[in-house]
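Asker: Can you look at this prediction? I've put the sequence above it.
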Amino acid sequence: MKKSYLLAVFILCSIVGLSACKPDQRKDTDKSNTPLRAPLVNSSSSETIPSSEETKEKGVNDLSFENTSYNYDVVTGATQTTFGSNPKPLYTYEEKLEKMFWSNQPPLGLMEGNYYTNDGYFDVGNKGIVEIVTDDTHKIINVEFNEYGAENYYASKYAGANKRLSDYAFFQAQNPRTDTTLVTVVNGITFVERQMREENRITGNFETVKGSSTTAREGLMAIAAELADEIKQPSKTKYIGYAEDFGNGLIGRIQLTVTDGKIDSARYDEYFADQPEKIVADNLKKYYRQSKYFSLEYKEETNDDFVSFADSLTKAIIEQQKLVLENSELAKHPSFDSYQKLIQHIEL
């Protein structure tokens, strides 16, 4: 009886000992169940930016659009916002930047056509402005949407800021809420803009990028749809714009609207390349995917130098109703030469 008792105790202890040797399963429960996402850009995608000479040789509305191929998770309806959540990070910020991509590149070349615009407020007070250009057959040449942060935006730095052309998308990239989607507001905007342009419509349902559908649906799609009847008719206001890659990591862009033969608006900006390695000047590489006019850091570090120049330039264009300007103060600015290169391709 004693031997049987000792044998039973031995067997029981062996079972307990073997159980104790199993891996600690608690470590797995601490890990996220969310699968890591593949890089956003297709490996087969090749970005080709026309040279300055190639852009010059193209005709009116023979434009080059940014054509990166993306691995988006798309939806056909609104998605639930993750705002206010605090998910566990899946990547470091540096790892995310390797996987994420968005583009600020404007269409390159000479664009002319009927001009339509509309604006409105959505979400928590963000302002959206949509601009549409069509040709004489009512074909959509371009759709462009810009969103500005609400004046009471929770991140005060971006109150009133242009989300597309500032560093706002990088701000989003630092937030763990974008870890599973790897997309920013710019991805959501440009994805719908492309559908509108290629499908030649601004109404009906469009696919949106999962994780960035609020701006697209409540902003771009809703505000653009209000122009549905208007764009079927010729516009009294004409659009004339030209953008060119200077080959040094900067893209220059001049935009005009003309009503009854009179220039009623003018804009000038320079866009930094999408990749820092394409920007020649080392001190400018950190501003990639932004523009000189709307980059918050660039404006601060240059004491609004470019904004002051661009505002003075466009004011002179409107006042003098011409593009060839004789102004010694404007001519001193380094961007004046770039501006002169662009206006050679525009006839008023």
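Answerer: Looks like it arrived, so ask away. Numbering: from 1, shown residues only.
Asker: hang on, residue 97 in a strand?
Answerer: No - under DSSP: H, G, I helix; E, B strand; the rest coil, residue 97 sits outside any strand and is assigned helix.
Asker: mind starting the numbering at 51 from now?
Answerer: OK, 51 is where the count begins now, so the last one is residue 147.
Asker: Spit out the contact partners of it.
Answerer: With contact taken as C-beta atoms under 8 Å, 6 or more residues apart in numbering, residue 147 is in contact with residue 223. In this view, the C-beta of every residue, glycine as well, is placed from N, C-alpha and C.
Asker: Next: residue 169.
Answerer: 177-180, 273.
Asker: Now with 10 Å, please.
Answerer: 177-181, 196, 198, 273, 276 (C-beta atoms under 10 Å, 6 or more residues apart in numbering).
Asker: which among those end up buried?
Answerer: 177-181, 196, 198, 273 (16 or more other C-beta atoms under 10 Å).
Asker: Would you reformat these as a markdown table and include distance to residue 351, secondary structure and pLDDT?
Answerer: Converted to a markdown table, the buried ones among the contacts of residue 169 look like this (distance: C-beta to C-beta, whole Å; DSSP: H, G, I helix; E, B strand; the rest coil; pLDDT from 0 to 100):
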| residue | distance to residue 351 | secondary structure | pLDDT |
| --- | --- | --- | --- |
| 177 | 26 | strand | 97 |
| 178 | 28 | strand | 96 |
| 179 | 27 | strand | 98 |
| 180 | 31 | strand | 98 |
| 181 | 29 | strand | 98 |
| 196 | 23 | strand | 97 |
| 198 | 22 | strand | 97 |
| 273 | 33 | helix | 97 |
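Asker: For residue 288, state which of those is nearest.
Answerer: residue 181 (12.8 Å; C-beta to C-beta).
Asker: does the closest one have beta-bridge partners, and which?
Answerer: residue 167, residue 194 (DSSP bridges).
Asker: Test my guess that it contacts residue 192.
Answerer: Yes - counting by C-beta atoms under 10 Å, residue 192 is a contact partner of residue 181 at 7.7 Å.
Asker: So residue 305 belongs to a strand, correct?
Answerer: Yes - counting by three-state DSSP, residue 305 is part of a strand.
Asker: and the gap between it and residue 376?
Answerer: Distance, residue 305 to residue 376, using C-beta to C-beta, to the nearest Å: 22 Å.
Asker: Those two: who's more crowded?
Answerer: residue 305 (20 against 9; other C-beta atoms under 10 Å).
Asker: wait, what's in contact with the more buried one?
Answerer: Counting by C-beta under 10 Å, 6+ apart, the residues that residue 305 touches are 156, 161, 165, 181, 194, 289-293, 315-319, 364.
Asker: Likewise for residue 194?
Answerer: Taking C-beta under 10 Å, 6+ apart as the test, what residue 194 contacts is 156-157, 167, 179-183, 214, 239-240, 243, 247, 270, 305.
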